[in-house]
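**Student:** Sequence first, then the predicted structure, then my questions.
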Amino acid sequence: MPPTRTSGTFAHTDTSVVTIDRFIIEQEERYPEATGELSGILYDLALAAKMIANKVRRAGLADILGAAGSDNVQGEAQQKLDVIANEIIVKAMDHGGRLCAMASEEEEEIIAIPPQFRRGKYVLLFDPLDGSSNIDVNVPVGTIFSVLRKVSPGTEGTVDDMLQPGHQQVAAGYVIYGSSTMLVYTTGQGAHGFTLDPSIGEFLLSHPDIRIPPKGRYLSVNDAYEQHWTEPVRALMRRYRGLDGQREAMNVRYVGSLVADFHRNLLGGGLFAYPANTKSPTGKLRLLYECNPLAFIVEQAGGASTNGQQRTLDIVPTKLHERAPYFIGSKDDVAIATAMLATDA
Ligand code: AHM
Ligand code: MG
């Protein structure tokens with residue numbers, strides 16, 4: 001049950017069960033000028049999340065159920081789950097009349113809205129199933145999304161609508177398919193988490209107004225790249241590990257699934273890092289549908305995010321699938337990265 005909130009954005013009692021639909025509508029009611037379009041996008045995303053959760057939960061059974069050949073029991077060809085997740089989101093989002101285009105990690109070009117459907121004033125960018133290489137070993141995976149307002153003229157969405165700095169996001173969120181399925185989102189009024197109750201098929205408010213501790217317990221980084229890091233990045237990681245005597249040592253936790261690493265650090269305090277290295281000078285993670293949405297959420301929760309030299313949300317993108325070095329999490333620990341990497345461009 002959500003705790004009683006008498007101030008801030010909530011006024012629910014201990015006994016009230018707040019579904020995500022109710023929460024979204026209550027937030028919308030605070031804006032008399034709201035048209036309901038953004039709320040509609042969030043409802044549809046929550047539905048897509050439930051459909052993906054359903055597929056992910058049965059992932060280990062795919063081979064068994066499809067053992068007769070490459071088809072599963074419904075006679076459908078077996079597909080990789082990230083392709084399935086991509087299709088689920090596109091199909092759930094393309095006909096509502098609220099979007100004018102989408103972009104996905106799975107698709108090189110932007111995704112147009114089919115001609116028979118109305119165009120709306122928003123664009124949606126998403127990573128349908130982040131960390132999908134972990135599926136085979138039953139490690140949590142996630143969906144990440146970002147919503148921006150259309151800025152180009154005309155009714156069709158364009159790449160220009162996508163290439164906006166992250167501080168222009170109107171909504172962002174992620175879904176983690178873990179021991180339970182959770183959806184966390186923000187529209188700029190705090191970051192709020194909902195847990196899927198599988199018995200009734202509803203996301204229920206479980207983590208209202210998430211706050212990330214200012215100082216982190218956990219460090220999440222892939223050490224295998226140490227040999228390719230710059231000297232300032234190496235010094236930074238030594239600092240987080242307590243090896244230079246300037247900070248007590250953090251515990252290292254690295255799932256290799258961004259949403260899972262981020263989620264743990266958001267709730268418990270910590271820092272996730274995917275630095276640039278000499279082999280990948282821009283890092284690995286994609287700015288528009290991985291870095292920016294989580295950066296919006298972490299800032300709403302009182303944390304921070306940087307590429308080392310610049311706040312993540314201020315980076316002006318030039319390419320749809322552009323990558324950025326990434327240091328995200330507890331405010332004090334991101335401040336250390338900013339101080340130590342200021343000249344590491
Ligand atoms: P993906 O979008 O292809 O799944 O890659 C992103 C994933 C993140 O979830 C994770 O943080 C990172 O790649 C792990 O990369 P590495 O194996 O280099 O540490
Ligand atoms: Mg990804």
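**Tutor:** Perfect, I can see it now. Numbers count the residues shown, from 1 in each chain. Ligands and ions are numbered 1, 2, ... in the order given.
**Student:** quick one: stretch 143-153 to chain centroid distance?
**Tutor:** 14 Å (C-alpha atoms, centre = their mean, to the nearest Å).
**Student:** so does whichever strand or helix holds Leu45 get close to ligand 1?
**Tutor:** Applying DSSP states H and E as the criterion places Leu45 in helix 37-57. No - applying C-beta under 6 Å from any ligand atom, one finds helix 37-57 separated from ligand 1 by no less than 13.6 Å. In short, each C-beta sits where N, CA and C put it, glycine included.
**Student:** buried set for that helix?
**Tutor:** Across helix 37-57, burial judged by 16 or more other C-beta atoms under 10 Å covers 38-53, 55-56.
**Student:** Ala335 belongs to a helix?
**Tutor:** Yes - with DSSP: H, G, I helix; E, B strand; the rest coil as the criterion, Ala335 is part of a helix.
**Student:** returning to what we had before: tell me the helices and strands packed up against the helix holding Leu45.
**Tutor:** helix 20-28, helix 81-93, strand 122-130, strand 141-149, strand 171-177, strand 181-186, strand 191-197, strand 202-207 (3 or more C-beta pairs under 8 Å, 6 or more residues apart in numbering; DSSP states H and E).
**Student:** change it to 6 Å
**Tutor:** helix 20-28, helix 81-93, strand 171-177 (3 or more C-beta pairs under 6 Å, 6 or more residues apart in numbering; DSSP states H and E).
**Student:** The residue of the chain found nearest ligand 2: what's it in contact with?
**Tutor:** Here the chain gets closest to ligand 2 at one residue, Asp130, 3.7 Å apart by C-beta to the ion. With contacts defined as C-beta atoms under 6 Å, 6 or more residues apart in numbering, Asp130 is in contact with 142, 144, 258-259.
**Student:** can you do 7 Å?
**Tutor:** Applying C-beta atoms under 7 Å, 6 or more residues apart in numbering, we find Asp130 in contact with 141-144, 257-259, 290.
**Student:** before we move on, the earlier item: which stretch among the helices and strands packed on helix 37-57 is buried most, on average?
**Tutor:** The highest mean neighbour count among the helices and strands packed on helix 37-57, using mean count of other C-beta atoms under 10 Å, belongs to strand 171-177: a mean of 27.
**Student:** ok, that one: who's next to it in the sheet?
**Tutor:** strand 141-149 (antiparallel), strand 181-186 (antiparallel) (DSSP bridges).
**Student:** And the ones you listed: which comes nearest ligand 1?
**Tutor:** strand 141-149 (7.6 Å; C-beta to the nearest ligand atom).
**Student:** returning to what we had before: pLDDT and neighbour count for the contacts of Asp130 - can I get that in CSV?
**Tutor:** CSV is the format used below for the contacts of Asp130 (pLDDT from 0 to 100; neighbours: other C-beta atoms under 10 Å):
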residue, pLDDT, neighbour count
Val141, 95, 28
Gly142, 97, 32
Thr143, 98, 28
Ile144, 98, 29
Ser257, 96, 23
Leu258, 98, 25
Val259, 98, 26
Glu290, 98, 27
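**Student:** would JSON lines of those with distance to ligand 1 be doable?
**Tutor:** Formatted as JSON lines, these follow (distance: C-beta to the nearest ligand atom, whole Å):
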{"residue": "Val141", "distance to ligand 1": "8"}
{"residue": "Gly142", "distance to ligand 1": "8"}
{"residue": "Thr143", "distance to ligand 1": "11"}
{"residue": "Ile144", "distance to ligand 1": "9"}
{"residue": "Ser257", "distance to ligand 1": "5"}
{"residue": "Leu258", "distance to ligand 1": "3"}
{"residue": "Val259", "distance to ligand 1": "7"}
{"residue": "Glu290", "distance to ligand 1": "7"}
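**Student:** Output the below-cut-off pLDDT ranges for the protein.
**Tutor:** Applying pLDDT under 70 to the chain picks out residues 1-15, 62-79, 345.
**Student:** where do the helices sit along the stretch 151-300 of the chain?
**Tutor:** For the stretch 151-300 of the chain, helices defined by DSSP state H, counting those that start in this stretch occupy the ranges 159-162, 231-240, 258-268, 292-300.
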